[in-house]
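> with the input below, show me the fold.
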Amino acid sequence: MTNWTHKKFSDLTPGELYAILRLRSEVFVVEQNCVFLDMDNKDQPSHHLMGWQGDRLVAYARIVPPGISYAEFSIGRIVSSPAVRKQGIGRVLVRKGIDLAYTLHGEGVIRIGAQYYLRGFYESFGFEKAGDIYLEDGIQHIEMLLFTKD
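Reported below is the predicted structural model:
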């Protein structure tokens, strides 16, 4: 069973912050072999959605306010642990991220920078292509928009 919680950056415990940075590094840096500076100063103004199984963080996303990454609010650093993949936790994470974004920021457009190979996954939530493919840290990405909550 996954226990879901969310917090502002200032409310995160040192252990929670460590778990977040460890999971993001495990997937984005090690698994995807992508050398980049993960700490981008967008964590501080964001809310952090965490999925825990026991004391292990297995899913995470940050809800970024408007004007930080994009004019619109955004969901970013969407990640699930390799240990729980193919169990549907990614779908739950994105759905909870969308719901939390609307709770925090009201109705509006959500913009994401999605890894291109996951385009179909995000389209299944209603996100639409909003630009051309671009490289970010050596990985193909595409901006996508969600216009309405379903």
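> hey, let's count contacts and neighbours off CA atoms from now on
Fine.
> how about low-confidence regions in the protein?
Low-confidence regions of the chain, defined by pLDDT under 70, span residues 149-150.
> quick check: longest helix in it by residues?
Assignment by DSSP state H gives helix 89-105 as the longest helix of the chain.
> show me what it is packed against.
Of the remaining helices and strands, those touching helix 89-105 by 3 or more CA pairs under 8 Å, 6 or more residues apart in numbering; DSSP states H and E are strand 56-64, strand 73-80.
> give me the contacts around that helix.
49, 51, 59-63, 65, 73-75, 78-80, 108, 125, 149 (CA atoms under 8 Å, 6 or more residues apart in numbering).
> which one of the helices and strands packed on helix 89-105 is the most hemmed in?
With neighbours taken as mean count of other CA atoms under 10 Å, the helices and strands packed on helix 89-105 reach their highest mean count in strand 56-64, at a mean of 24.
> okay, the angle between that one and helix 89-105?
In terms of direction (axes from the mean of the first three to the mean of the last three CA atoms, to 10 degrees), strand 56-64 departs from helix 89-105 by 40 degrees.
> can you give the distance of strand 56-64 from its chain's centre?
For strand 56-64, the separation from the chain centroid amounts to 6 Å (computed by CA atoms, centre = their mean, to the nearest Å).
> quick one: contacts for residue 49?
Going by CA under 8 Å, 6+ apart, the list of residues near residue 49 reads 4, 5, 6, 7, 60, 61, 62, 63, 97.
> again, only using 6 Å
The contact partners of residue 49, by CA atoms under 6 Å, 6 or more residues apart in numbering, come to 5, 6, 60, 61, 62.
> nearest residue to the last one in space, please, no chain neighbours.
Leaving aside its sequence neighbours, residue 62 sits nearest to residue 48 (CA to CA, 6 or more residues apart in numbering; 4.5 Å).
> am I right that that neighbour is in a strand?
Yes - judged by DSSP: H, G, I helix; E, B strand; the rest coil, residue 48 forms part of a strand.
> wait, what's in contact with it?
Residue 48 neighbours (CA under 6 Å, 6+ apart): 6, 7, 62.
> next, residue 86: secondary structure please.
At residue 86 the chain is in coil, as set by three-state DSSP.
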